[in-house]
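> could you work out the structure for the sequence below:
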Amino acid sequence: MSDGGGSKRESVLREPTDLPRHLEAAIREVRKTAGAPANSKLHSIVMSYLKHQYRQACMHAAAPTSTLPPIPLSKPYALPAASRALDAPMNAAARLSRRDLDGMHGGAGGARAQRQYVYSRFRQVQVVRDDSCVVTSVAFLGNADMIAAGGHTGEIRIIDANAGEVVDAFDAHASGVVSLRVHSDDASDESMLLLSSSRSEAKLWDGFNPSRGPVVTWESATRARFNHAGTQVAAVSSGSGPRSAYIYDVGSTRKLRTLGAAPVGGGSPGAERAARSALSTAWSPDNELLLWGCALWDLRAPRQVHTFDQFTEHTSGCFHPRGLEVILNSEVWDLRSFKLLRSVPTLDGTNVTFSGGGDVMYCVARRPGDGEFSLGLL
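Alright, predicted model coming up:
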């Protein structure tokens with residue numbers, strides 16, 4: 001009796017040997033491979049399939065002996081990223097403590113990690129609300145202590161950024177303010193210029209005392225903006241016809257040059273009107289090149305240098321702070337070879353501007369009905 005009981009217990013604990021033929025053939029093929037299997041997606045799929053079949057065979061046996069843990073197949077296989085001793089820590093506190101010891105940004109990639117940490121924690125601080133006016137454009141004045149806000153009635157209000165109270169208000173234009181630009185002299189705090197634009201005119205103001213009235217008014221111009229030195233202003237001609245670009249001198253307030261009409265896309269008249277209303281200018285970092293629509297102009301030459309291909313109806317563009325690339329809607333072009341470097345779909349239909357340090361890019365989405373007001377926030 002004891003021998004019969006022992007053999008029965010051994011048969012119960014023995015692993016099943018009757019496996020399907022296709023599984024036995026697959027196991028023989030795996031055993032024939034020399035060396036350790038490669039860590040790849042195909043290897044994981046094959047091994048998980050074999051383990052699943054073996055588990056099913058064991059579960060269907062009279063006495064299962066093992067149960068394999070579940071193997072997730074939803075996540076793609078990726079090798080762990082190699083870490084180096086000079087890399088900056090991911091923890092912000094450890095990165096700051098290491099920066100005090102080693103200097104710089106706490107290691108390789110520390111500056112990018114710090115920017116990501118700061119910008120990921122941006123929160124709304126204050127809301128300035130006025131139900132009697134719809135704000136169409138804003139700009140910081142001086143050291144960001146004051147805010148200039150233009151409304152749909154043509155009024156410009158100076159707001160205390162800390163208290164949220166209106167300090168000054170004056171009528172600037174007969175129609176809505178399309179854009180506001182500010183230029184401050186970095187060498188001294190005694191000079192600050194405010195540039196406002198409506199649909200039909202652009203005005204230059206003294207940034208410290210704008211209520212005294214405009215310094216100059218440029219008729220039939222809109223969406224004006226300073227160059228980086230604050231010595232010249234580029235504006236777009238107003239009207240319903242083809243648009244031109246005007247170059248003004250800030251010191252003498254006279255018009256220096258008129259650039260020809262920029263090509264616009266769009267298959268229908270409505271699309272062409274929308275494209276013309278979104279045309280804008282952009283200065284290069286050295287103030288020698290001007291991007292007018294999708295055309296590149298060298299202000300030292302009598303004619304345009306190059307015309308970039310236009311893939312969309314909107315042609316809002318800007319220069320990269322390094323001055324070697326142009327961002328035209330969602331396409332990035334090389335200024336040295338005029339070749340397309342890359343296309344970024346997330347930039348389609350946005351207005352792009354860079355931070356003062358040139359290391360962070362801000363993108364504001366244009367809504368279909370914004371028209372001229374789509375450029376007021378940048």
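
> which stretches of the stretch 1-150 of the chain form helices?
2-13, 21-32, 41-60, 92-102, 110-119 (DSSP state H, counting those that start in this stretch).

> comparing these by mean pLDDT, which bottoms out?
When those are ranked by mean pLDDT, helix 2-13 comes last with a mean of 45.

> what confidence value was assigned to the nearest residue to residue 339 once chain neighbours are set aside?
Closest residue to residue 339 apart from its sequence neighbours, by C-beta to C-beta, 6 or more residues apart in numbering: residue 333 at 7.1 Å. For glycine as for every other residue, the C-beta is placed from the backbone atoms N, C-alpha and C. If you check residue 333, the pLDDT there is 94.

> which residues are contacting the helix or strand encompassing residue 333?
Using DSSP states H and E, residue 333 falls within strand 331-334. Applying C-beta atoms under 8 Å, 6 or more residues apart in numbering, the external contacts of strand 331-334 come out as 308-309, 311, 324-327, 339-344.

> can you name the element that comes right after that strand?
Next element after strand 331-334 (DSSP H and E): strand 340-343.

> give me the number of residues near residue 262?
Neighbour count of residue 262, defined by other C-beta atoms under 10 Å: 25.

> kindly report the same for residue 337.
With other C-beta under 10 Å as criterion, residue 337 counts 8.

> quick one: it from residue 325, how far?
For residue 337, the distance to residue 325 (C-beta to C-beta, to the nearest Å) stands at 11 Å.

> residues in contact with the residue nearest to residue 350 when sequence neighbours are not counted?
Excluding the flanking residues, the one nearest residue 350 by C-beta to C-beta, 6+ apart is residue 363, at 4.2 Å. Residue 363 makes contact with 346-347, 350-352 under the criterion C-beta under 8 Å, 6+ apart.

> just to revisit the earlier point, quick one: strands adjacent to the strand holding residue 333?
strand 325-328 (antiparallel), strand 340-343 (antiparallel) (DSSP bridges).

> gap between the first one and the chain center?
Strand 325-328 has its C-alpha centroid displaced from the chain centroid by 13 Å (C-alpha atoms, centre = their mean, to the nearest Å).

> what does that strand contact?
291, 294, 296, 308, 310, 315-320, 332-335, 341, 347, 352.

> the last one now?
When contacts are defined by C-beta under 8 Å, 6+ apart, strand 340-343 is touched by residues 309, 325, 330-334.

> buried residues in it?
Within strand 340-343, no residue is scored as buried using 16 or more other C-beta atoms under 10 Å.

> next SSE after it?
Downstream of strand 340-343, the first helix or strand assigned by DSSP H and E is strand 350-354.

> show the end-to-end separation of stretch 146-158, please.
One end of stretch 146-158 to the other measures 7 Å (C-alpha to C-alpha, to the nearest Å).

> roughly how far is it from the heart of the chain?
27 Å.

> state the mean pLDDT of stretch 124-133.
The model assigns stretch 124-133 a mean pLDDT of 78.

> which stretches of this structure aren't confidently modelled?
In the predicted model of the chain, residues 1-23, 25-27, 29-40, 50, 52-84, 186-191, 263-278, 314, 366-378 satisfy pLDDT under 70.

> may I see the buried residues of the strand holding residue 333?
Neighbour-count burial for strand 331-334 flags 331-333 (criterion: 16+ other C-beta under 10 Å).

> need those residues in TSV with distance to residue 356, can you?
Shown next, in TSV, are the buried residues of strand 331-334 (distance: C-beta to C-beta, whole Å):
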residue	distance to residue 356
331	25
332	21
333	24
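
> so how far is residue 354 from residue 363?
Counting by C-beta to C-beta - residue 363 and residue 354 are separated by 10 Å.

> actually residue 94, not the one I typed
For residue 94, the distance to residue 354 - C-beta to C-beta - is 30 Å.

> just residue 163 next, same as before
29 Å.

> more neighbours: which of these two?
residue 354 (16 against 10).

> ok, now which ones touch that one?
Residue 354 touches 318, 320-321, 360-362, counting by C-beta under 8 Å, 6+ apart.
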